[in-house]
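In: sharing a sequence plus its predicted fold:
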Amino acid sequence: MEKSDQFSGRVGLIFAAIGAAIGTGNIWRFPRMVGANGGGTFLIPWLFFLFIWSIPLVIAEFAIGKRTRVGTVGSFRILVGRKFAWMGLWTAWISTAIGFYYAVVAGWCVKYFTLGVSNGLMNVESVDVWNAFLQDPGQVIMFQFIVIAITVLAIWKGAKAIEKANFYMMLSLFAMLFLTLALALMMDGKDGTFDGFIFMFSVDMEILAQPETWINGLSQSAWSCSAGMGMAITYAVYMRKDEDTALNAVTMGLANNSISIIAGLAVLSAIFAVSDDPLSVVTGGSSAITFLALPEVFAQAPGGAVGRWVMMSAFFLSLSFAALTSMISTVELCVRNFVDHGIERNRAVAFTAGAIFLLGMPSALIWIRMDSEGVAFPEFLEVQDHIWGYGLMFSGLFIAFSIWKYGWTKWRGMVEEGTAEGGVAGFFKHGMSGFRDDYINTGDNDIWVPRIWDFIMYFAFPILFTVLIASYFGDLISGYDPWYAAFDPFDPHGAGIILAFWGFIGVSFVFLNDYVLTRRPVYLGEGPWWRNLHRRSEWEMRESPLFRNVPEGAEASIAELPGGDDPLIVEVGEVPPGWEDVYGDVLDAELT
Amino acid sequence: MRNARAILLALLLLNSVALTGSLAAAQDDDEPGKAPEDLWSIEYVSQSYPWGGDSDAQFDSFHDLLSMRQRMQYLAERNPEIFEFHDGMPGGVNDRGIEMDSDSYKGWYYKDEIPWMKITGGAEGVEGGTCDPFVGDCGNYADRPDVLLVGVHHAREWMGYEVAMLFLETIAHYYGMAGGDNDGDGLIDEDPWGDADGDGVLDDDGDCLMLNESYQDSNGDGIPCGPGDLGVDEDFSEQWITDLVDTREIYLVPMLNVDGNRYDREEFCSEEAWESCPSGGWRKNLRDNTYTGTTPFPDLQPGVDEDCDGVDLNRNYQFEWGWPLGATLPLIPGTCTPSEDERAGVANNDVYTGPFDTVDNDGDNRINEDHVDGKDDDADGLVDEDWDGGNSEPETLFMQDMTEMNDDDGDGASDFKATLTWHSYSELVLWPWGHCTGCSATDEAELAYLGMQMAEMSGYDPMQSSDLYPTTGDFCDWHYGVHQSFCYTIEIGTAFHQRPEDINHIAVRNLGMPFYLVEFSDNPVERARVGLENWSRSHWITPPANVSISENGPIPIEMCIGEQFPWSSDINASHLTWRMVKPSRIQSDYGPTEWLPEKWQKAPFDETGEQCVLADGNNGSLIVSDVPVPDDISGQLHYKASLGTMSGTYPFQYPAQGQYHTMTIPYRAAFGNTGLAIMLALLVATAVWGGLGVALRVMMDSGKDEPALSQDEAH
């Protein structure tokens, strides 16, 4: 049994959250989205949705985690009710499932850093380097392993270690990116035009008027900030009492976007400086731009051999750090849920890391195909991304749902007590602001979140969610003739396979809700438990305890919440009633 | 493929480690040359067709009349816009003024109707156009050339309907599809039928030649990488097939002699005819030759008299009927000379032409004074009005009436400009004449040219029909002689009854020819002349590497064409077809670039007045098409040219067979305005870094009075 854990201070939390938000999406996806969506035109919807979607959602997440003091599964159990713990499991699963292949991708980044440092990207065909690497299972697995090993090292010791790793990696990332940007601007300005800069900040009204631009801006903002992923819930668990959720969210969102702009400007400037047809380079397939185009572009950096070495190494180092810090948050999100349910941190980390390594292996190894241009790509990994990528939207929906339900329940209660009027007007007055009043503007806050947040969560969110999902599936289906062929669950690129996996996961999780999450079998027999799986007498179904991580001075009551008045929800270090036989010994051992 | 992948995917999610080991083991392969599995998809290598279905539909076993008809009906139901299934014809008053009904075309013995398919596409499809009450079909268009494809005149020649069915399945599956990767090698439409690039090698993409030698002759005919082998002509253009179906009317009669075929399968040989009738089988229809209808004697043979009954349908057409060349005529009607051994293929009654005509067809009280030969033998001003015989059978009447009553443009002549009939066996491509030796047809050069093209894509021997052996009253002589239709007889394969394991590769080897015939059906003579002049191959269109992209404005694509080539500058006849393909704005993060094609558009060709050098070294004229690609678009330009002639032949395509060139077009417009860009940059910087600064400031401030706040217990 452990003690409550917390970040050492605000800086630690901010850096951890920024590290989680900043990932490969900022450095390799963002420049492509800018290129494909009309340069500066794209910045408008992308910034707009930072304030309309990402920041409000992250505020909600921070607020939830800060109050419940448990990971995603426990948060839903406490905030929404026992029946809804599976929503938290969904959130955790989507993040972890993405983590399976994200570790592989992070491995690529680290590999390219090692190549850059060792001048392995000079005077070679970058396609050959890429193809040789991707088709060498030993290499890909090795770097996947390295990434997971670094991640484990960073989170093994809990919040303090996480913040330290994030702090140093993020600081280096800022420095390296600025260095890259400076060199890129030098390249761009060499011919006296700065056309990369101009493109990045020019608005094309025609493109701005296209709905697609706005949808792309929304999805980029959502993914890039990890909004709705449950990451902010997880890190908020280690928040101190006086942290301000809103200010943290705003800081994190803006920091995330500023890194995107720096990375975008660096990449675009460099490409525009050397390419005859920069837009084709930027808008092509995504791994292509990062691992094929950029090495060739950076090979033309100013400053001779040194300049080239610096640019190559700096860029891929920042890319690696971006990927690693995101990996840390992914693993921690999963680990936190295990720890909440009474599993020792060491075991949870080892198990999660092992699972991510093993289940990521297929993405690293199989279906390595060649596209029509002779560039290798990992199709299994791509299919995984296809299946789980949009699951994130549902994680966001569940978080929004928890807020809707909270406001609604609070208002109904007030109506019954006679302290609020019924009807639509009453709901607008008392229900809608419920979550914001009780969780966000708590009095600890530095900035006051205005009523617009309620409108965003209650109205803008469902509309945007529907538009995103409809446009995604609409696009998928429109590529099929007849349309229903998209629903063939055996087509790895169709809509059917997504729904099949989501359906399977969703249904299983609803089932697990009562058999693993809120009640679970406990082994009471002698000897290793797996030998006695078949002996029902050795097992007992018990209500599951939940251990809240409440740092000193950060207590806030949860008794009023739907799942809060449960005696089995205790603070870390306490023994839940009825579980003395399981946790009592350990506790004693630790106290001595 | 999909299923296999998804199952693999599910398995891997459950048990990743065990499988990855076995995968690594499968990788080493050091033999010289590749194995088929290295190049192509498993589905292609095992020749399993993407349309599924039972073993008949997969061409692993023979259809019979019933299963063939059911499959045709099924395909017609699945593709109602291009297929219309028919059983026989409703009839009416035919071209010769005789009242016919649906019974008139039923076989003598089993009374089955002849199943056939009308195929045409386009905007209105097979349900649009005009409907023909006699033939019973809709989808008739005056401006679409018509094609007639007929299998199984001879009952035992089963491959005839199998090739027809593969032709049908191919259209059903590939019509309207985007260019696809039929063989799973990652390339699209890279190897069409025939020698598309003119290098004398059928395997245009050279993939068969990359195989280890032991795999190169997959059909076992002794010719490595020959027609019908894996990797040869395996990735044809879906667009080309679609274009053909949209601009032609195809009449497909897979099994004309249904009566005889049933008899061959059910009585004369057996279901496994390749065992029981290794070199023979039933050939004719089931006319009862011992039944005179007028004699007082009862019919001596109420069933089928295997020694005497039946008419050779391919000796029963009226043109030059009765010239006893390679055929037997009845000396006394209703008599016959018993054969020696029909099953062994020794028979002297097998080519019976059918009875003499005893009707005074023109009512001038004389009979048979002007037989069908295209001349006015009796000098009465009428041609071929009183025939000697022929077209006496339900099956040949069916062909005659379908041909003569199919006149969409109302000019009194049949619309079939090209016809094809499938026979077995000997691996030959034959063209008229058949009835005379040492003679030649008016269009001999053109007939031979097109025939030789078909022979090239199948590896069959081309020859004039009578060079094989002279015939009388055959299908092609009648179609060419009476209707000037370019008619070809294909002698498929190496046996009357092929073994089931040979159906597939023989059918594949024969698949290109009917499509080619459908293509040239719009104007066979002109097509052949263009080919004879070598225009198709000496014309060239600027390849992507040579296109000059100016800084702005349209992109000129040039063509060099023969100076005498009768092209029409009307945009509907001759045009450059182009489209832009842009990368999708939402790319998968880890996959290959996804492209979104726009719609194809047309741009006209103009004469430049300049000369150019054709691919064969002769002088040609340069024409140019300015493609209006906007400056602010980058992506890929796809282009191809279609030329039509003054007399309406359309299209001659460059590059051939629905392929197109692909080139990259850079973004050519300005990227933006410097001043405005700086303004937006400042705005964004203010929003992001300004906001960040404010946030950090607030944070610092609150940090100072932290103790105070942390003691403050809210709520």
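Out: Done, it's in. Quick caveat: nothing in here was measured; it's all calculated off a predicted structure.
In: what parts of the stretch 551-700 of chain B come near chain A?
Out: Within the stretch 551-700 of chain B, the residues that sit near chain A (Cβ under 8 Å from any Cβ of the partner chain) are B:582-583, B:585-594, B:632, B:634-635, B:664, B:666-667, B:671-674, B:676-678, B:680-681, B:684, B:687-689, B:691-692, B:695-696, B:698-699. Bear in mind the C-beta positions are built from the backbone N, C-alpha and C, glycine included.
In: buried ones among the residues you listed?
Out: B:582-583, B:585-593, B:632, B:634-635, B:667, B:671-672, B:674, B:677, B:680-681, B:684, B:687-688, B:691-692, B:695, B:698-699 (16 or more other Cβ atoms under 10 Å in any protein chain shown).
In: identify the residues contacting the nearest residue to residue A:432 once chain neighbours are set aside.
Out: Leaving aside its sequence neighbours, residue A:432 sits nearest to residue A:454 (Cβ to Cβ, 6 or more residues apart in numbering or on different chains; 4.3 Å). Residues near residue A:454 by Cβ atoms under 8 Å, 6 or more residues apart in numbering or on different chains: A:407, A:432, A:433, A:436.
In: cool, and residue A:74?
Out: Contacts of residue A:74 by Cβ under 8 Å, 6+ apart are A:68, A:85, A:88, A:337, A:340, A:341, A:546, A:548, A:569.
In: at 10 Å what do you get?
Out: A:65, A:68, A:85, A:88, A:233, A:237, A:336-337, A:339-341, A:517, A:544, A:546-549, A:563, A:569 (Cβ atoms under 10 Å, 6 or more residues apart in numbering or on different chains).
In: spell out the secondary structure type for the residue nearest to residue A:432.
Out: Secondary structure assignment for residue A:454 (DSSP: H, G, I helix; E, B strand; the rest coil): helix.
In: so how far is residue B:142 from it?
Out: Distance, residue A:454 to residue B:142, using Cβ to Cβ, to the nearest Å: 69 Å.
In: same check on residue A:47?
Out: For residue A:47 relative to residue B:142 (Cβ to Cβ), the value is 61 Å.
In: likewise for residue B:591?
Out: Applying Cβ to Cβ to residue B:591 and residue B:142 gives a distance of 48 Å.
In: can you pull out the helices in the stretch 151-300 of chain A?
Out: Along the stretch 151-300 of chain A, counting by DSSP state H, counting those that start in this stretch, helices occupy A:159-190, A:195-200, A:205-208, A:211-224, A:231-236, A:245-274, A:278-283, A:286-287, A:294-298.
In: leaving out sequence neighbours, find the closest residue to the residue of the stretch 501-650 of chain B found nearest chain A.
Out: Per Cβ to the nearest Cβ, residue B:592 is where the stretch 501-650 of chain B lies closest to chain A, at 3.2 Å. In space, and not counting its chain neighbours, residue B:592 is closest to residue A:371: 3.2 Å by Cβ to Cβ, 6+ apart.
In: hmm, the one you found is touching residue A:378, no?
Out: No: in this structure, residue A:371 is not within contact of residue A:378 by Cβ atoms under 10 Å, at 11.2 Å.
In: average pLDDT for the helix or strand that contains residue B:576?
Out: If you go by DSSP states H and E, residue B:576 is part of strand B:575-583. Across strand B:575-583, pLDDT averages out at 89.
In: partners of whatever helix or strand comes next after it, with directions?
Out: Downstream of strand B:575-583, the next assigned helix or strand under DSSP H and E is strand B:595-597. Strand B:595-597 pairs in its sheet with strand B:575-583 (antiparallel), by DSSP bridges.
In: sorry, back to before: pLDDT value on the residue of the stretch 501-650 of chain B closest to chain A, please?
Out: pLDDT at residue B:592 comes out at 81.
In: next one: phi and psi at it?
Out: As for residue B:592, its main-chain torsions (degrees, to the nearest 10) stand at phi -70, psi 160.
In: can you check residue A:5 too?
Out: phi -120, psi 150.
In: what's the neighbour count on it?
Out: Neighbour count of residue A:5, defined by other Cβ atoms under 10 Å in any protein chain shown: 19.
In: before we move on, the earlier item: shared neighbours of residue A:371 and residue A:378, anything?
Out: residue B:591.
In: of these two, which one has the most company?
Out: Taking neighbours as other Cβ under 10 Å, residue A:371 and residue A:378 compare with residue A:378 leading, 27 against 15.
In: tell me how far the more buried one lies from residue A:134.
Out: From residue A:378 to residue A:134 the distance is 7 Å (Cβ to Cβ).
In: do residue A:11 as well
Out: From residue A:11 to residue A:134 the distance is 39 Å (Cβ to Cβ).
In: quick one, which of these two is more surrounded?
Out: Using other Cβ under 10 Å as the criterion, residue A:11 and residue A:134 rank with residue A:134 on top: 23 against 13.
In: so who does the nearest residue to that one once chain neighbours are set aside touch?
Out: Leaving aside its sequence neighbours, residue A:134 sits nearest to residue A:376 (Cβ to Cβ, 6+ apart; 4.3 Å). Going by Cβ under 10 Å, 6+ apart, residue A:376 touches A:127, A:130, A:131, A:132, A:133, A:134, A:135, A:287, A:368, A:369, A:370, B:592.
In: what's around residue B:682, how many residues?
Out: 11.
In: contacts only, for it.
Out: Under the criterion of Cβ under 10 Å, 6+ apart, the neighbours of residue B:682 are residue A:201.
In: for the nearest residue to residue B:494 once chain neighbours are set aside, which residues are in contact?
Out: Distance criterion Cβ to Cβ, 6+ apart; nearest residue to residue B:494, sequence neighbours excluded, is residue B:425 at 5.5 Å. Residues near residue B:425 by Cβ under 10 Å, 6+ apart: B:156, B:157, B:159, B:491, B:492, B:493, B:494, B:495, B:496, B:497, B:498, B:506.
In: adding distance to residue A:294, secondary structure and pLDDT, write the residues you listed out as CSV.
Out: Below are the contacts of residue B:425 laid out as CSV (distance: Cβ to Cβ, whole Å; DSSP: H, G, I helix; E, B strand; the rest coil; pLDDT from 0 to 100):
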residue, distance to residue A:294, secondary structure, pLDDT
B:156, 68, coil, 94
B:157, 64, coil, 95
B:159, 58, helix, 96
B:491, 62, strand, 96
B:492, 58, strand, 96
B:493, 58, coil, 93
B:494, 60, coil, 92
B:495, 63, coil, 92
B:496, 66, coil, 93
B:497, 65, coil, 94
B:498, 59, coil, 94
B:506, 54, helix, 95
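In: using PyMOL, define a selection of the buried residues within the residues you listed.
Out: The PyMOL selection below is limited to those of the contacts of residue B:425 classed as buried (16+ other Cβ under 10 Å):
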select buried, chain B and resi 156+157+159+491+492+493+495+496+497+498+506
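In: which one of the contacts of residue B:425 is nearest residue A:207?
Out: When these are compared for distance to residue A:207 (Cβ to Cβ), residue B:506 comes out closest, at 55.7 Å.
In: does the closest one really touch residue B:493, like I thought?
Out: Yes: the pair residue B:506 / residue B:493 is scored as a contact, 4.8 Å apart, by Cβ under 10 Å.
In: what residues are shared contacts of those two?
Out: Listed as contacting both residue B:506 and residue B:493 by Cβ under 10 Å, 6+ apart are B:159, B:162, B:163, B:424, B:425, B:427.
In: show the backbone phi and psi for the fourth one.
Out: Meaning residue B:424. Backbone torsions of residue B:424, given as degrees, to the nearest 10, read phi -140, psi 150.
In: now do it against residue A:531, distance only.
Out: The gap separating residue B:424 from residue A:531 is 71 Å, by Cβ to Cβ.
In: which one's more surrounded, these two?
Out: Taking other Cβ under 10 Å, residue B:424 and residue A:531 do not tie; residue B:424 has more neighbours (25 against 11).
In: quick one: contacts for the residue nearest to the more buried one when sequence neighbours are not counted?
Out: With sequence-adjacent residues excluded and distances taken as Cβ to Cβ, 6+ apart, residue B:424 is closest to residue B:157, at 3.8 Å. Contact analysis of residue B:157 by Cβ under 10 Å, 6+ apart lists B:151, B:255, B:257, B:260-261, B:264, B:281, B:283, B:422-425, B:491-493, B:495-498.
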